[in-house]
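Peer 1: What follows is a predicted protein model with its sequence.
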Amino acid sequence: MALDGSKSEFKLVGTRPLRPDGIDKVTGRAKFGADAYAAGMLHGAIVRSPHAHAKIVKIDTTKAEAMKGVKAVVTRADFIDGLKGEMWNVLENVMAGDKALYDGHAVAAVCATSTLAARDAAKAIEVTYEILPHVTDVDKAMAKDAPVIREGAAAPGTPEGMHPNVVGYHESGHGDVDKGFAEADLVIEETFRTEATHQGYIEPHACLATMGNDGKGEVWCCTQGHFHVAKVCAALLGTDASQIRVTASEIGGGFGGKTAVFIEPVALALAKKANRPVKVVMSRSEVFRATGPTSSTSMDVKIGMKKDGTITAASGVFRLQGGAFPGAPASFTAMCAFAPYALENVKQIGWDVMSNRPKQAAYRAPGSPMAAFAVESVIDDLCKGLDLDPIDVRLKNASRQGTKASYGVTFDRIGLVETLEEAKAHPHYSAPLAEGAGRGISCGFWFNHGGETAVSLALAEDGTVSLSVGTPDIGGSRASMGQMAAEELGIPYEKIRTTIADTATLGYNEISHGSRVTYASGLATIEAARDTIRKLCARAAAKWKIDPEAVVWEDGCAKPSGPNAGEFEPMTLAKIASSMGRTGGPIVGHYEATPEGAGVSFATHIVDAEVDRETGSTRVTRYTVIQDAGKAIHPSYVEGQFQGGAAQGIGWALNEEYIYGEDGRLQNAGFLDYRIPVASDLPMIDTVIVEVPNPGHPYGVRGVGETSICPPLAAIANAVSNAVGIRMTELPISPPRILAALDGAK
Amino acid sequence: MVEVALWSSLRSFAGGNEKVEVEGETVGEILDALVKAHPGLEPHIESGVSVAIDGRIIFNSLSEPVGPDSEVVLLQQLKGG
């Protein structure tokens, strides 16, 4: 059911105005996390464990504290004691307690008058470790003889008798899969593995913090959720959330990786102890070793199909390694796996497994891309085995409005079929392939999210507008918020300045995650603008001495609603604003809510790839993304999200991986050895925006930031597998794996 | 009465039932009623769940209305990147 006040005709929405942060970013004026300075500022450095798993026997800070320029040292003892649940996990990750749980785990921190002095002092902190056995592989971490990361961490519902490293279990589905497999003409079962990858955001984590002994603190940081930072910092330092004011800087990428908190509580603790502002900036090595990459996975998928392409049953077991803490998105992987398909018989199981690696973090659509890789690979093999067209088969089985999803809910209006039809009609799908090249397609699914949101919209006397939102702009949201406000108010986009307000200015805003910003902050912006319009109409009504209900807002003006309301000259927004101080005071619209109508989203990708059989190198030669955006507010940004997901997926599929040595240390903690795709590695990524409106948003918006990374791993794997004639079951499909597969096939 | 569907691994905490019936007109009332009827569900609900009502996934809002004929499905709590 569509919301009241839904619109389908637009003047500004759907156009491509200039981004408001563009000039600042190309001229270097934009301030990122590390660009903050304060008088008397100190520099922090963090001491990190070189061991994958070790008992911390002693930390001797004597030498460091005696060094010139050193002002404070903190260890776990400088944080609050007695936390429980998830906050304890966050603290344990921010600063180790009794044990170092992974290579790179923070064990102490120091601040000094220069970066070099702080780094030297960090080296002078002597930590005595008792090295413990470690495990970094998901299957080995589940084995009976695996080293125990921590006892008693399992979530309720985890089956008894499992290894203590197994900390979460999900099982869902419906029907009878055994009966369904018996009805199939072809059943394929395969095991897949993916390695952990990093979001690879170009800006390392950075923050500047001040904190007095009165418990009042300020933080400037690059984050996807500054309200969350305030909440976590207050909890870890034992102060009130309202006493920690956090301002989000410009952000050089997040992709989910900046939804977690790592350095801000440490900077605050150092600042409190030194009574001086402290800046902490991570190195790239620290980003790789000690922030949150994805889970690595091991997955078994079995699907049965009839000769006509009907899927009769599907089952999957998805094991996710999530680092040294609970929370790997095993349930999301399981729930997303078969969501694109209308299945009578389906069963999915997810396992959350701890290992001696950094705590995993979200990376767009957490858990979904890996599931798609496994499921869509098996579907492709079934199509080949039964000589069926891969898009026709997906269309035949596609989820639609009214389908009972694999995870139990009945879908409302969704756009998967539309993306598949667009894919089939796209010239890419029928273009001839070069000799030795392969083509792959894949579908992908993500839930999307709403979440707590507060927005404020204030008029200035000259008729311009200050729009304050609380969700950091990680993908162009200031432009789309400005468009939506201008659309409602009927004023030019350029008359609106959108600001990411700090935590003292607005009510709580959930993190910019779950592709929620254009949906939830957008909905709140529209409602705040409508609240403003009601106030504007009331001012006009008061002047005209008529009922406010007899005033309408059209084309940026208050007007009598009809002849019965009287005859008055329309009053523009600027006209009403110019006298607002004398007609009742400032005019501010606002909206606070937890929007719960985020529509799910589907995409279909088409990929062509060529493989050099001598070197094992793969080149993606053509790529097309087709995705349902519900309604594209600013199509260029939507296309950018589509292209970004595809580009990151190409890296994940072909090259990127966390490589651990036998000693449990990360071997490739830098961009030289962890290879993300650069522009010359990528083809032009074509995009098609499908618009099947989301009934839960006034303009029909669906989140687009995450779904774009769901299909690429599978689509690329299918293309490469078709090119070499061998099913590739492990990511990344790097040259050594290609060569090994080719050698094995000889 | 509202029929609530449970994901498979929850069913053992609700007498093995795939669906359970409880009284309630909002998400919050439904969750309270589930805990009252099946105390074994409490730690799962306390650790965070989402509730899908007629296909719309409710992440946080306990005040969301639930009709007697609504399709109600309990899901593990969702978040994203």
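Peer 2: Good, I have the coordinates.

Peer 1: interface residues of the stretch 251-400 of chain A facing chain B?
Peer 2: Residues of the stretch 251-400 of chain A lying close to chain B (C-beta under 8 Å from any C-beta of the partner chain) are A:255-257, A:259, A:331-332, A:335, A:347, A:361-366. In this view, the C-beta of every residue, glycine as well, is placed from N, C-alpha and C.

Peer 1: I'd like to know how many residues surround A:E92.
Peer 2: 21 (other C-beta atoms under 10 Å in any protein chain shown).

Peer 1: In space, what's closest to whichever residue of chain A sits closest to chain B - neighbours in sequence excluded?
Peer 2: Nearest residue of chain A to chain B (C-beta to the nearest C-beta) works out as A:G256 at 2.4 Å. Among residues not flanking A:G256 along the chain, B:G81 sits closest, at 2.4 Å (C-beta to C-beta, 6 or more residues apart in numbering or on different chains).

Peer 1: residues contacting A:S480?
Peer 2: Counting by C-beta atoms under 8 Å, 6 or more residues apart in numbering or on different chains, A:S480 touches A:T518, A:G522, A:I633, A:H634, A:Y637.

Peer 1: Could you identify the most distant pair in those residues?
Peer 2: By the measure C-beta to C-beta, A:G522 and A:Y637 form the most distant pair in the contacts of A:S480, at 12.0 Å.

Peer 1: if you count what's nearby, which of those two comes out ahead?
Peer 2: Taking neighbours as other C-beta under 10 Å, A:G522 and A:Y637 compare with A:G522 leading, 30 against 20.

Peer 1: can you tell me how far the more buried one sits from A:K631?
Peer 2: Look at A:G522 and A:K631: by C-beta to C-beta, to the nearest Å, they are 10 Å apart.

Peer 1: So for these two, which residues contact both of them?
Peer 2: Common neighbours of A:G522 and A:K631, using C-beta under 8 Å, 6+ apart, are A:H697, A:Y699, A:V701.

Peer 1: Just send these back as TSV, with distance to A:D389 too.
Peer 2: Output for these, formatted as TSV (distance: C-beta to C-beta, whole Å):
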residue	distance to A:D389
A:H697	34
A:Y699	35
A:V701	33
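
Peer 1: In chain B, which residue sits closest to chain A?
Peer 2: For chain B, C-beta to the nearest C-beta, closest residue to chain A: B:G81, 2.4 Å.

Peer 1: That residue contacts A:F255, correct?
Peer 2: Yes. B:G81 lies in contact with A:F255 (C-beta atoms under 8 Å); the separation is 6.1 Å.

Peer 1: more crowded one of those two?
Peer 2: Taking other C-beta under 10 Å, B:G81 and A:F255 do not tie; B:G81 has more neighbours (31 against 25).

Peer 1: got the contact list for that one?
Peer 2: A:255-257, A:259, A:361-366, A:513-514, A:705-706.

Peer 1: and if you look at B:R11?
Peer 2: By C-beta under 8 Å, 6+ apart, the contact list for B:R11 reads B:N17, B:E18.

Peer 1: hmm, back to that, ok, now how distant is the residue nearest to A:G256 from A:F32?
Peer 2: Distance from B:G81 to A:F32, by C-beta to C-beta: 20 Å.

Peer 1: Report the backbone C-alpha coordinates of stretch A:194-205 in CSV.
Peer 2: Extracted C-alpha coordinates of stretch A:194-205, given in CSV (Å, rounded to 0.1, in the frame of the first residue of the first chain):
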residue,chain,number,x,y,z
THR,A,194,35.7,-16.9,-0.5
GLU,A,195,38.5,-15.0,1.2
ALA,A,196,38.1,-11.9,3.4
THR,A,197,38.3,-8.6,1.5
HIS,A,198,38.6,-5.1,2.7
GLN,A,199,36.4,-2.2,1.7
GLY,A,200,39.5,-0.4,0.6
TYR,A,201,38.2,3.1,1.3
ILE,A,202,40.8,5.6,0.3
GLU,A,203,40.8,7.6,3.5
PRO,A,204,42.2,5.9,6.6
HIS,A,205,40.3,6.2,9.9
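
Peer 1: distance between that stretch and the chain's centre?
Peer 2: 12 Å (C-alpha atoms, centre = their mean, to the nearest Å).

Peer 1: average model confidence for that stretch?
Peer 2: Taken as a whole, stretch A:194-205 has an average pLDDT of 98.

Peer 1: Now for residue 32, how many residues are close by?
Peer 2: No chain specified, so I'll use chain A. Residues lying near A:F32 (other C-beta under 10 Å) number 17.

Peer 1: Not quite, go with chain B.
Peer 2: 16.

Peer 1: For the chain, which helix extends over the most residues?
Peer 2: All of this is about chain A. For chain A, the helix with the greatest residue count under DSSP state H is helix A:522-544.

Peer 1: look at chain B instead
Peer 2: Determined from DSSP H, the single longest helix within chain B is helix B:27-37.
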